[in-house]
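> Just the structure for this:
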Amino acid sequence: MSACKQILTLSLSLYLATMVGNAWAADDNSSTMSQAKEALNKGLYSQAAGLYQQAVTQAEKQHASALDLSSALNGLANVYSMTGKSEEAQKLYSRSLNILEGSLGANNPKIIPTMLALASAYESQGNQNKAMALYNRVFAINEKNFGPKDVVTAKSLQRVAAAKTRQGDLGHAEDSFKKALAILESSLGSDNPDVAKCLNDYASLLRQLGRDSEAEALETRARKILLNSSSQSTKPAKAVTESAWQTQIEETSQKNTVSQANEAPELMSESHTSGLRDYQITPMFSTLADVYYRQSGYVDSEPLYKRLIEIDEKSLGPNHPAVAADLNNLAMLYKSQGKFAEAEPLFTRALSIYQGLYGGNNLLVLKLQNDLANTYEGLGNFSQAEQVLKSALAASQKSFGNNNFETAKILNNLGYLYFRANQLDQSESYYKQAQTSTEAALGSRSPLLAACLNDYAKVLRKLNKTTEADQMEARAANILSEAQVQVPSTQ
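Predicted coordinates for the structure are as follows:
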């Protein structure tokens, strides 16, 4: 499947994700739909197809409502689209749309997700005219229902512009982008991320027209909007209290990745017309998804991560290290949201792939074991977290020695695990080792050493070792104070 078609399939799955399975939420037959959706989310396409087909049969036999039957048909079509069976998918979407139109009317906004899915299926087949007719119709429905100046209408107009760009109708595409941008800026303000998305799409068109200086100006503006949005985003509350060490690790990671917002949107829009192959598109999905994640755009990044897994599994096989990396990224997203039950099987599968390829002493294996242990801790499974961390510690010490960052990370995590379990003597022992290891690996002025010292001080206080705790905290404060002087503010 071409790069463009892969992206169109992603678009299709994004719209269907909000639709499939919802109609039967209060019905006993919803179990089949739930099982089908679960199988699809796990990438078990054959199983998902069978379950969705069963749901279709049930809906037909029971004379279910139009929405029920449409949900089942769209679910089955979604499986077909993800497995490259675009013609079968198109037929099911068409049937679903006919059912919805007969029940809800031809201008009801509730039929739009199915229309968009059908349009994407047509584009996957190269039938641009039928796809464009549907995109134009979606715009007309939104304009009629929401008015010509509404954000929903602007986004459907933006979709028309993108489709015209893919068709090569660049002059009409530019007119549509200009109108959509004007509506978005008027409704949302000039610094909204949706405006940035439109700017980047418009810039991609301008580059095709050879107007690079105009495109660069739009891209620069979009970057500023995204960076500002990232800095102002509110982080979700943590489901599990973190140690100072874990918090410092996360903050460092976020600072190191926020600059990806400079390039991700352009990469995504450029891939529509660059002719890149699937394996070349993969880093683009990864970059964009990671930026969304760092900006707390969880709804946006989850489907991107899922689609990335699908692309790599299809092109590289289910046991390729790139697939393991994809699984790990999605698991990290779930973990950050406190969805430990969803994260655990992803971490476990990724770990199995890495161990099968590289053995137990590989750096990737050790990193993943740390995250899996944190997930077990979030699930309240202390014994499994302890087992995984001890196994990782033995491997890290054997392969890298005691003065390595990975060893230090594991020691810090073990110390905190025992602290939360109120096993203070064990915790103190590991934090003593962690302090030595962290300082040897990172130096005596590292903020991570300060975090280790602050965590160690908490243990010492609970053991009534107040003097030692005071000394630890004073040293940590001194390190952090110096770090603030050395690092200029970016505000």
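> and the gap between Leu218 and Lys197?
11 Å (Cβ to Cβ, to the nearest Å). C-beta coordinates here come from the backbone N, C-alpha and C atoms, glycine included.
> who's more crowded, the two?
Between Leu218 and Lys197, counting by other Cβ atoms under 10 Å, Leu218 is the more crowded of the two (24 against 19).
> Pull the distance from the helix or strand where that one lies to the chain's centre.
Using DSSP states H and E, Leu218 sits in helix 212-232. In terms of Cα atoms, centre = their mean, to the nearest Å, the centre of helix 212-232 is found 21 Å from the chain centre.
> Tell me where the stretch 151-300 of the chain is predicted with low confidence.
230-241, 250-300 (pLDDT under 70).
> Could you look up the SS state of Thr467?
Here Thr467 is recorded as helix under DSSP: H, G, I helix; E, B strand; the rest coil.
> can you pull the pLDDT of it?
Note for Thr467: predicted pLDDT of 95.
> can you check the one 4 residues further on too?
Looking at Gln471, its pLDDT reads 94.
> Now do the host helix or strand of it: everything it contacts.
Under the criterion of DSSP H and E, Gln471 resides in helix 466-486. Residues outside helix 466-486 that contact it (Cβ atoms under 8 Å, 6 or more residues apart in numbering): 444-447, 449-451, 453-454, 456-458, 460-461.
> Which among those count as buried?
Among the contacts of helix 466-486, those scoring as buried are Ser446, Pro447, Leu449, Ala450, Ala451, Leu453, Asn454, Tyr456, Ala457, Lys458, Leu460 (criterion: 16 or more other Cβ atoms under 10 Å).
> and which of the residues you listed is nearest to Leu205?
Pro447 (44.4 Å; Cβ to Cβ).
> returning to that earlier point: can you give the distance from the helix holding Gln471 to the centre of its chain?
37 Å.
> Stretch 196-209 now?
The answer for stretch 196-209 is 23 Å, by Cα atoms, centre = their mean.
> Show me what the helix or strand where Leu449 lies is packed up against.
Element membership for Leu449, per DSSP H and E: helix 447-462. Under the contact criterion of 3 or more Cβ pairs under 8 Å, 6 or more residues apart in numbering; DSSP states H and E, helix 447-462 touches helix 244-257, helix 405-420, helix 424-442, helix 466-486.
> Select, out of those, the one closest to Lys390.
The nearest among those, by Cβ to Cβ, is helix 405-420 at 7.4 Å.
> The closest one: which residues count as buried?
Buried-residue list, helix 405-420, by 16+ other Cβ under 10 Å: 405-419.
> same question, stretch 206-222
So stretch 206-222, judged by 16+ other Cβ under 10 Å, has buried residues Leu206, Arg207, Ala215, Leu218, Glu219, Arg221, Ala222.
> Same check on stretch 144-158?
Val151, Val152, Thr153, Ala154, Lys155, Ser156, Leu157, Gln158.
> Now, those residues that are in strands?
With DSSP state E as the criterion, strands contain none of these.
> Show me which of these is closest to Asp191.
Val151 (14.7 Å).
> Distance check, that closest one against Lys197.
Distance from Val151 to Lys197, by Cβ to Cβ: 12 Å.
> Go through the buried residues of helix 405-420 and name the one nearest Gly356.
Closest to Gly356, out of all of the buried residues of helix 405-420 and judged by Cβ to Cβ, is Glu406, at 20.2 Å.
> May I have the distance across stretch 140-157, first residue to last?
The straight-line separation of the ends of stretch 140-157 (Cα to Cα, to the nearest Å) is 9 Å.
> chain center to that stretch, what's the gap?
Worked out by Cα atoms, centre = their mean, stretch 140-157 lies 28 Å from the chain centre.
> who's in contact with that stretch?
Outside stretch 140-157, the residues touching it (Cβ under 8 Å, 6+ apart) are 107-109, 111-112, 135, 138-139, 176, 179-181, 183-184, 186-188, 194, 198.
> from the residues you listed, which ones fall inside strands?
Counting by DSSP E, those contribute nothing to strands.
> If any of the residues you listed are buried, put those into a PyMOL selection.
Burial among the contacts of stretch 140-157 is assessed by 16+ other Cβ under 10 Å; the matching PyMOL selection reads:
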select buried, resi 111+112+135+138+139+176+179+180+181+183+184+187+194+198
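> What are the structural domain limits within this protein?
1-126, 147-229, 280-486 (automatic domain parsing).
> Nearest to Thr247, out of the ones you listed?
domain 280-486 (7.1 Å).
> returning to that earlier point: return the closest of the buried residues of helix 405-420 with respect to Val365.
Of the buried residues of helix 405-420, the one sitting nearest to Val365 (Cβ to Cβ) turns out to be Glu406, at 10.1 Å.
> got the contact list for Ser391?
Gly360, Gln369.
> so where do the helices sit in the stretch 51-200 of the chain?
Applying DSSP state H, counting those that start in this stretch to the stretch 51-200 of the chain gives helices spanning 66-82, 86-104, 112-124, 128-146, 151-167, 170-188, 193-208.
> Tabulate the ones you listed (a markdown table), appending distance to Lys367.
Formatted as a markdown table, the helices of the stretch 51-200 of the chain follow (distance: least, Cβ to Cβ, whole Å):
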| stretch | distance to Lys367 |
| --- | --- |
| helix 66-82 | 29 |
| helix 86-104 | 38 |
| helix 112-124 | 36 |
| helix 128-146 | 43 |
| helix 151-167 | 38 |
| helix 170-188 | 39 |
| helix 193-208 | 31 |
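> For Ala324, which of those helices is the nearest?
Comparing these by Cβ to Cβ, helix 66-82 comes nearest, at 20.1 Å.
> Dump the C-alpha coordinates for the closest one into CSV.
Only the C-alpha atoms of helix 66-82 are listed here, as CSV (Å, rounded to 0.1, in the frame of the first residue of the first chain):
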residue,chain,number,x,y,z
ALA,A,66,-30.3,1.1,11.7
LEU,A,67,-27.6,2.4,14.1
ASP,A,68,-26.9,-1.1,15.4
LEU,A,69,-26.5,-2.6,12.0
SER,A,70,-24.5,0.3,10.7
SER,A,71,-22.1,0.0,13.6
ALA,A,72,-21.5,-3.7,12.9
LEU,A,73,-21.1,-3.1,9.2
ASN,A,74,-18.6,-0.3,9.8
GLY,A,75,-16.7,-2.4,12.2
LEU,A,76,-16.3,-5.2,9.6
ALA,A,77,-15.4,-2.6,7.0
ASN,A,78,-12.7,-1.1,9.3
VAL,A,79,-11.1,-4.5,9.6
TYR,A,80,-11.1,-4.9,5.8
SER,A,81,-9.6,-1.4,5.3
MET,A,82,-6.8,-2.2,7.7
